[in-house]
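Trainee: The sequence and its predicted three-dimensional model are supplied below.
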Amino acid sequence: MNLTQIIGNLGDDPQFKDFGNGNSCSNFNVAVSDITKNKAGEMVKTTEWFKCTAWNKTAGFINQNVKKGCKVYVSGRLKSRNYTDQSGANKTVTELIVDRLELLTWPTQNGKHLSDNR
């Protein structure tokens, strides 16, 4: 079973693309932090970044409601793909293809929810 669940914060505003044929996608990065002890017994914070892609209805929700810094719960499946970058180098990227996203904190501005028109 290919199932990944994360809770973290968006590192930047999502990038939304509308393909004009009824399909759309939203790309965003989620930072997930963990605190562990190192060999010296000191507490060390580490952060992993997850590249996420959501499609269609979920992408639309993200575009309208999710902003940089929001805490989110994301579940989906990991998918790797290969591509050639602008310099001709072969690259591999692993993305979390979003099946479900829940906002754990809503974006605010001046104490007011940005999505109060919902």
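Mentor: Great, that's in hand.

Trainee: State the pLDDT value of the nearest residue to residue 35 once chain neighbours are set aside.
Mentor: Distances taken as CB to CB, 6 or more residues apart in numbering put residue 45 closest to residue 35, at 5.1 Å, once the chain neighbours are dropped. No exception for glycine: its C-beta is placed from N, CA and C like everyone else's. On pLDDT, residue 45 comes in at 94.

Trainee: mind listing what residue 45 touches?
Mentor: 33-35 (CB atoms under 8 Å, 6 or more residues apart in numbering).

Trainee: Quick one: those as TSV, columns for pLDDT too.
Mentor: Output for the contacts of residue 45, formatted as TSV (pLDDT from 0 to 100):
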residue	pLDDT
33	94
34	93
35	93
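
Trainee: ok, these vs residue 49, which is closest?
Mentor: residue 33 (10.3 Å; CB to CB).

Trainee: Run through the bridge partners of the closest one.
Mentor: Taking DSSP bridges as the rule, residue 33 bridges to residue 47.

Trainee: With residue 107 as the reference, measure out to it.
Mentor: Here residue 33 is placed at a distance of 20 Å from residue 107 (CB to CB, to the nearest Å).

Trainee: In terms of neighbours, single out the busier of the two.
Mentor: For residue 33 versus residue 107, neighbours defined as other CB atoms under 10 Å are more numerous around residue 107 (16 against 11).

Trainee: doesn't residue 66 make contact with that one?
Mentor: Yes - Residue 107 is within contact range of residue 66, at 7.3 Å (criterion: CB atoms under 8 Å).

Trainee: list the contacts for the residue lying closest to residue 27 once chain neighbours are set aside?
Mentor: In this structure, residue 27 finds its nearest non-sequential neighbour in residue 15, 4.7 Å apart by CB to CB, 6+ apart. By CB under 8 Å, 6+ apart, residue 15 lies in contact with 26-28.
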